[in-house]
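[1] Next input, structure requested:
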Amino acid sequence: MATVLSHLDRLTTEDFAVVNGKVVISAAACATMAACPDSATVSSRVHGRYRRRLADVALAGRPVVLNLCVRRFVCVKPDCRRRTFVEQVEGVTSRFTRRSQPLRRTLMAIGHALAGRAGARLSRLLGIGVSPNTMLRLIRSQCDRPSVRAPRVLGVDDFALNRATSTAPS
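    Sure thing, here's the model as predicted:
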């Protein structure tokens, strides 16, 4: 089981349970300190804790919910505008997401191969329930923004002739 859930190595696993057909894994982050995302100052002052619920990669065709206890740290740099910040577990969590990074990568691969409806059907068979719109949204989130700016002025050729009207018989 360690190879299947190898991305959870940085966590301390507290409990495994099957609830309503879903595998629920209760875990906690085990790092003693974290770096502030704004000032990059490392802090070990814990402000509090709370639980995050993340969808994770399916296990034996069953959806997995990661019930993760994360800590909120105090930034020790006095002039930092961010007073507190939440630790992110590398390779598992990212800010403001409800899916683990491995699950997001899996859905992106399915989405790039099959797109909306077909991708949603395959992911449902694999134990990951997503809608076709979610698949398309994930694909669109990876699109690179064009580096070339749109033109401000567009010229029109006044002397261009429409071939269909010039070759019609009179």
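[2] What residues of the lengthiest helix in the chain count as buried?
    Counting residues, the longest helix in the chain under DSSP state H turns out to be helix 101-114. Under the neighbour-count criterion of 16 or more other C-beta atoms under 10 Å, helix 101-114 has 101-104, 106-108, 110-111 buried. Where you see a C-beta, it was placed from the backbone N, CA and C, and this is true even at glycine.
[3] ok, now stretch 42-52?
    Buried residues in stretch 42-52, counted by 16+ other C-beta under 10 Å: residue 43.
[4] For the chain, give me the ranges with low pLDDT.
    1-5, 144-147, 157-170 (pLDDT under 70).
[5] which residues in this protein form strands?
    Per DSSP state E, the chain carries strands over the ranges 11-19, 22-29, 34-35, 42-43, 46-59, 62-74, 84-86.
[6] buried stuff in the last one?
    It refers to strand 84-86. 85-86.
[7] Adjust the sequence numbering to begin at 168 for everything that follows.
    OK, 168 is where the count begins now, so the last one is strand 251-253.
[8] Give me the sheet partners of it and which way each runs.
    strand 229-241 (antiparallel) (DSSP bridges).
[9] Same check on the second one?
    Based on DSSP bridges, the pairing partners of strand 189-196 within the sheet are strand 178-186 (antiparallel), strand 229-241 (parallel).
[10] Out of those strands, flag the one nearest residue 256.
    Set against residue 256 and scored by C-beta to C-beta, those come closest in strand 178-186, at 6.4 Å.
[11] Could you export the closest one as CSV, CA atoms only?
    The C-alpha trace of strand 178-186 is given here as CSV (Å, rounded to 0.1, in the frame of the first residue of the first chain):
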residue,chain,number,x,y,z
LEU,A,178,2.0,13.0,6.4
THR,A,179,1.4,11.1,9.6
THR,A,180,-1.5,8.8,9.0
GLU,A,181,-3.9,8.6,11.9
ASP,A,182,-6.8,6.4,10.6
PHE,A,183,-8.2,4.6,7.6
ALA,A,184,-11.9,3.9,7.3
VAL,A,185,-14.5,3.1,4.6
VAL,A,186,-17.5,5.3,5.0
